[in-house]
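Q: kindly return the folded structure for what I paste below:
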Amino acid sequence: MSNKSYDVVVVGAGNAALCAALSAQEQGASVLVLERAPEEQRGGNSAFTGGGFRMVYHGLEDIIQFVPDLTKEEIANTDFGAYSAEQFLDDLGRITEYRIDPELAEVLVHRSTDTVRWIGQKGVRFVPKYGSAAYKHEGRFKFFAQVLQAVGGGRGLVDAEFKAAEKHGIAIRYGARATSLIYGRDGIEGLRVIANREEEEIRARAVVLACGGFEANREWRARYLGSGWDLAKVRGTRYNTGDGIQMALDIGAQPYGNWTGAHACDWDLNAPEYGDREVGDGYGKHSYPFGIVLNANGVRFLDEGADIRNHTYAKYGRVILEQPGQLCWQVFDAKVAHLLRDTYRIKQVTKVTGNTIEELVGKLEGVNKPQALKTIQEFNAAVKQDVPFNPNTKDGRCTVGLPLPKLNWANTLDTPPFEAYGVTCGITFTFGGVKITPTAQVVDTEEKPIPGLYAAGELVGGIFYSNYPGGTGLMNGAVFGRVAGESAGQFATGKAD
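A: Below you'll find the predicted structure:
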């Protein structure tokens with residue numbers, strides 16, 4: 001047994017956890033970070049992301065604050081737009097079917113910009129998301145809603161946050177799996193940990209749970225998300241198995257949020273069962289708005305142009321999982337090949353090509369080929385070609401007369417060479433978790449805060465329902481990580497009201 005004690009122990013070591021640790025340290029607290037993974041696998045799901053942040057900003061003048069080395073050419077050739085708090089709140093409401101906890105939504109939105117500035121001060125650097133959040137069309141880029149990503153993507157983000165944590169004297173233990181909370185009459189007293197196959201107790205005045213959802217737990221996925229979810233591939237870490245949620249529930253925390261919901265997207269058909277840190281987000285195949293998607297029956301089954309990619313990709317993984325064989329093929333022609341994201345050009349890709357549509361369809365494994373060919377022919381005949389194509393906005397270039405329309409970005413598939421990419425469902429994180437207050441305190445089933453217990457990141461329920469706006473996951477983790485660390489640090493050092 002260990003006699004070591006800390007003011008604040010943070011469980012997890014991704015973006016939310018590291019923000020919590022840094023924020024608690026700012027309050028004068030002694031802080032320990034517990035990472036279940038070995039050091040070479042550190043960083044949680046955050047390390048597998050593209051590193052994008054959705055925040056409130058008011059134009060170029062704000063973006064320059066975060067990317068001071070923008071070139072004159074980039075400024076001249078880019079419309080950075082603006083994204084108000086009202087727009088952010090509207091998107092969160094609409095995309096979550098207005099189920100998002102309104103108090104948490106207000107905190108997330110109104111603290112977004114300052115939190116990005118804060119992590120920038122900790123050493124995280126940013127660049128514009130050219131090529132994934134803005135496309136070059138008629139010589140000019142146009143951003144919509146999301147502009148910034150961390151330099152180096154998710155790996156770059158967490159590496160910078162780890163460096164900041166080490167600089168500020170925050171202790172980090174790897175290979176340490178928290179298993180239960182020590183809960184006394186006055187609240188949290190510490191937690192139990194298994195390290196090197198031995199159990200020990202660590203005393204703490206406050207604990208922040210920031211160790212992810214349960215997406216890497218097949219049994220929980222099947223139990224809560226439903227039939228077939230045990231077959232989904234995991235986009236990120238294998239270590240997010242619901243430990244933090246279970247520990248909190250065991251002492252009476254209130255389950256909250258969309259327990260049957262998850263962020264899941266188009267993922268390469270032959271990707272490994274869990275994320276590959278070297279490939280990171282590269283297995284994602286998110287350029288479907290510019291082509292069509294066929295299932296094993298050879299038919300379209302979703303509207304590829306319903307909305308911008310950032311507002312649909314996180315819900316389409318579920319739709320793919322419901323298809324025969326949990327697979328589909330994204331089909332493009334040469335007219336849009338230049339718009340495909342860089343993830344389509346990695347060497348670990350499931351891809352076929354053809355100089356004719358017939359040749360391409362003949363190579364689509366597991367697909368009803370006669371029906372696929374018929375679907376493409378009918379799609380081509382239905383495209384409304386008198387509307388100009390514009391990849392940077394919902395252009396209204398649609399199909400007419402199909403049972404399942406494509407509302408935007410409809411282009412005939414008629415220019416060789418043709419390309420198709422095999423995809424399946426990749427689950428990112430789950431939406432169900434524990435309930436917190438706007439100050440990130442975990443509450444029990446009677447709505448009372450549990451003294452000394454805080455939470456942030458993917459194990460918090462009440463933020464996302466059914467769908468997810470791109471770039472909000474890391475933003476959510478950073479905002480509430482910072483809030484949780486501040487609250488825990490103040491509580492542990494006696495500064496709380």
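Q: run the chain-centre distance for stretch 490-497.
A: Using CA atoms, centre = their mean, to the nearest Å, the mean C-alpha position of stretch 490-497 is found 32 Å from that of the whole chain.
Q: so which bits of that stretch are buried?
A: 490, 491, 492, 493 (16 or more other CB atoms under 10 Å). In short, each C-beta sits where N, CA and C put it, glycine included.
Q: out of these, name the ones that lie in strands.
A: In strands, judged by DSSP state E, none of the buried residues of stretch 490-497 are found.
Q: closest one of the residues you listed to residue 443?
A: Closest to residue 443 out of those is residue 491 (14.6 Å), distances taken as CB to CB.
Q: how about the closest one: what's its closest non-neighbour residue?
A: With CB to CB, 6 or more residues apart in numbering as the criterion, residue 491 has its nearest non-adjacent residue at 5.1 Å, and that residue is residue 206.
Q: surely residue 48 touches residue 238?
A: No - using CB atoms under 8 Å, residue 48 is not in contact with residue 238; the gap is 10.8 Å.
Q: which ones are touching residue 282?
A: Taking CB atoms under 8 Å, 6 or more residues apart in numbering as the contact definition, residue 282 lies against 342, 343, 346, 348.
Q: filter the residues you listed to the buried ones?
A: The neighbour count (16+ other CB under 10 Å) marks residue 343 as buried among the contacts of residue 282.
Q: as CSV, the contacts of residue 282 with distance to residue 410, secondary structure and pLDDT would be great.
A: Rendered in CSV, the data for the contacts of residue 282 read as follows (distance: CB to CB, whole Å; DSSP: H, G, I helix; E, B strand; the rest coil; pLDDT from 0 to 100):
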residue, distance to residue 410, secondary structure, pLDDT
342, 24, helix, 93
343, 23, helix, 95
346, 27, coil, 95
348, 30, coil, 95
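Q: continuing past whatever helix or strand the residue nearest to residue 491 lives in, what's the next helix or strand?
A: Using DSSP states H and E, the element containing residue 206 is strand 198-209. Under the assignment DSSP H and E, the closest C-terminal helix or strand after strand 198-209 is helix 218-220.
Q: residues of that following helix that come out buried?
A: Going through helix 218-220 with 16+ other CB under 10 Å, the ones that come out buried are 218, 220.
Q: give me the contact list for that helix.
A: By CB under 8 Å, 6+ apart, the surrounding residues in contact with helix 218-220 are 214, 230, 241, 242.
Q: is it correct that the third one is in contact with residue 214?
A: Right, the one you point to is residue 241. Yes - under the contact definition of CB under 8 Å, residue 241 touches residue 214, with a separation of 6.1 Å.
Q: can you pull the contacts of residue 257?
A: 431, 432, 433, 435, 460, 461, 462, 463, 464, 465.
Q: so how far is residue 469 from the fifth one?
A: The span separating residue 460 from residue 469 equals 16 Å under the rule CB to CB, to the nearest Å.
Q: the two: who's more crowded?
A: In terms of neighbours (other CB atoms under 10 Å), residue 460 is the more surrounded of residue 460 and residue 469; the figures are 32 against 22.
Q: tell me which of residue 48 and residue 238 has more neighbours.
A: Just comparing residue 48 and residue 238: by other CB under 10 Å the higher neighbour count belongs to residue 48, 27 against 15.
Q: now do the buried residues in stretch 230-243.
A: Applying a neighbour-count criterion of 16+ other CB under 10 Å, the buried positions in stretch 230-243 are 232, 233, 234, 235, 236, 237, 239, 240, 241, 242, 243.
Q: just the pLDDT for the second one.
A: What that stands for is residue 233. Note on residue 233: pLDDT of 98.
Q: how about the nearest residue to residue 27, chain neighbours excluded?
A: Nearest in space to residue 27, with sequence neighbours left out and distances taken as CB to CB, 6+ apart, is residue 489 at 2.9 Å.
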